[in-house]
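Visitor: Please work out how this folds:
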Amino acid sequence: MNIRELVAMARKAQESSYSPYSNFKVGAALKVSNGKVYTGTNIENSSYGLTICAERVAAFKAISDGETKFKYIVITGNGKGYIYPCGACLQVLAEFSDDLQVIITDENNNYKALGLHDLLPRAFKTGQ
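Guide: Down below sits the predicted model:
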């Protein structure tokens with residue numbers, strides 16, 4: 001599965017976004033080491049702190065299936081410019097992959113690949 005196919009899967013997941021407060025719809029497609037892909041979308045809540053990002057939804061779906069070796073995550077959104085993951089999502093992703101490739105997209109499906117360590121160079125790890 002190539003990056004363009006992962007972008008399409010993230011865009012499809014984005015359609016299910018529950019974002020009545022921000023109207024900012026985000027989708028994610030997470031590819032794990034065995035090739036399986038897990039998708040997620042952001043889910044807002046009127047108690048804003050309970051909102052969850054698309055990246056964590058995809059990660060938690062994978063983890064609940066026993067998958068803990070992440071290879072790529074693609075992030076799409078309905079805003080202008082490239083969509084970057086938040087710090088909380090980066091920290092969750094860092095728990096499962098030091099060499100994860102984070103693929104960010106813009107509104108025209110252009111994309112850039114970044115290393116997780118470039119986005120979160122000092123991830124919290126116990127014992128370090």
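
Visitor: Show the pLDDT at Gly127.
Guide: On pLDDT, Gly127 comes in at 66.

Visitor: cool, and Ser97?
Guide: We have a pLDDT of 89 for Ser97.

Visitor: That one reaches Lys71, doesn't it?
Guide: Yes - using CB atoms under 8 Å, Ser97 is in contact with Lys71, at 7.4 Å. From N, CA and C alone the C-beta is placed, and that goes for glycine too.

Visitor: what about these two, which has more around it?
Guide: More neighbours surround Ser97 than the other of Ser97 and Lys71, with 21 against 15 (other CB atoms under 10 Å).

Visitor: Spatially, what comes nearest to that one if we skip its sequence neighbours?
Guide: Leaving out its chain neighbours, the residue that sits closest to Ser97 by CB to CB, 6 or more residues apart in numbering is Phe70, at 4.1 Å.

Visitor: Same question for Lys69.
Guide: Nearest residue to Lys69 in three dimensions, chain neighbours excluded: Ser33, at 3.8 Å (CB to CB, 6+ apart).

Visitor: Glu44 versus the one you found, what's the distance?
Guide: As judged by CB to CB, to the nearest Å, Ser33 and Glu44 stand 31 Å apart.

Visitor: do the same with Ile103
Guide: Ile103 sits 23 Å away from Glu44, going by CB to CB.

Visitor: Could you count how many residues lie near Pro85?
Guide: Neighbours of Pro85 under the rule other CB under 10 Å: 24.

Visitor: And for the one 5 residues further on?
Guide: Taking other CB under 10 Å as the neighbour definition, Leu90 ends up with a count of 18.

Visitor: Quick check: Leu119 touching Cys89?
Guide: No - the criterion here is CB under 8 Å, and Leu119 misses it with Cys89 at 9.7 Å.

Visitor: neighbour-wise, which of the two wins?
Guide: Between Leu119 and Cys89, counted using other CB under 10 Å, Cys89 has the larger neighbour count: 24 against 18.
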